[in-house]
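Student: quick one: sequence and predicted model below, then my questions.
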Amino acid sequence: MLIVFNRLGSLYYLSFTSQEIFHNKIIGLDGLRRKILIIEDCNHRYDFRFIDLCEVKACKLKKIYGSVNGSDSPKNRLEKYLEAITLQFDFKRENPPVALEFYPNITNNIFNITELERKAKQWEVLVSKMLPCPQQKIA
């Protein structure tokens, strides 16, 4: 997957200033070109997506919780119901939001929540500092 990621980066002339490697995806940020490349392993087929930060109006961390049964013990911690931690990109135009999962509970242990949430927050801060793109002046 890393080989495919690097080849795509080279093909599109990207130079990554930050990247994160997970067991099934890689995220890379080209700060100069203001682009993010996401590559994901979907049953040994690599799907990829580019996000142009000039088209993004907001980037925010979201936590998605499952439903709580009334019969559950009040002593249960909220983490038990956490289904995902995502970084959501909202676009300026009509494009639908893109959600990048940092913690899907299906493939991660509850003990990974703290570390993956920290990484998601770091990416939220990093990307948010790059928004909005400055308007270019027409001479």
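Tutor: Received the coordinates, thanks. Numbers count the residues shown, from 1 in each chain.
Student: could you use CA atoms for every contact and neighbour count after this?
Tutor: Fine.
Student: now for the lowest-mean-pLDDT helix or strand in the chain, which elements pack on it?
Tutor: The helix or strand of the chain with the poorest confidence is strand 98-104; it has a mean of 90 (mean pLDDT, DSSP states H and E). In terms of contacts (3 or more C-alpha pairs under 8 Å, 6 or more residues apart in numbering; DSSP states H and E), strand 98-104 is packed against strand 82-91, helix 113-129.
Student: deepest-packed of these, please.
Tutor: When you average the neighbours per residue for each of the helices and strands packed on strand 98-104 (mean count of other C-alpha atoms under 10 Å), strand 82-91 leads with a mean of 20.
Student: ok and that one relative to strand 98-104, angle-wise?
Tutor: With axes from the mean of the first three to the mean of the last three C-alpha atoms, to 10 degrees defining the directions, strand 82-91 sits at 160 degrees from strand 98-104.
Student: in this protein, which spans are helices?
Tutor: 2-11, 113-129 (DSSP state H).
Student: among the ones you listed, which is nearest residue 21?
Tutor: helix 2-11 (8.5 Å; C-alpha to C-alpha).
Student: just to revisit the earlier point, could I get the helices and strands packed on strand 98-104 in JSON lines, plus columns for mean pLDDT?
Tutor: Below are the helices and strands packed on strand 98-104 laid out as JSON lines (pLDDT from 0 to 100):
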{"stretch": "strand 82-91", "mean pLDDT": "92"}
{"stretch": "helix 113-129", "mean pLDDT": "93"}
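Student: which residues touch the least confident helix or strand of the chain?
Tutor: 83-90, 112-113, 116-117, 119-120 (C-alpha atoms under 8 Å, 6 or more residues apart in numbering).
Student: just give me the residue right at the centre of this protein.
Tutor: residue 100 (3.4 Å; C-alpha atoms, centre = their mean).
Student: run through the bridge partners of that one.
Tutor: residue 87 (DSSP bridges).
Student: quick one: it and residue 13, what's the gap?
Tutor: Applying C-alpha to C-alpha, to the nearest Å, the value for residue 100 to residue 13 is 23 Å.
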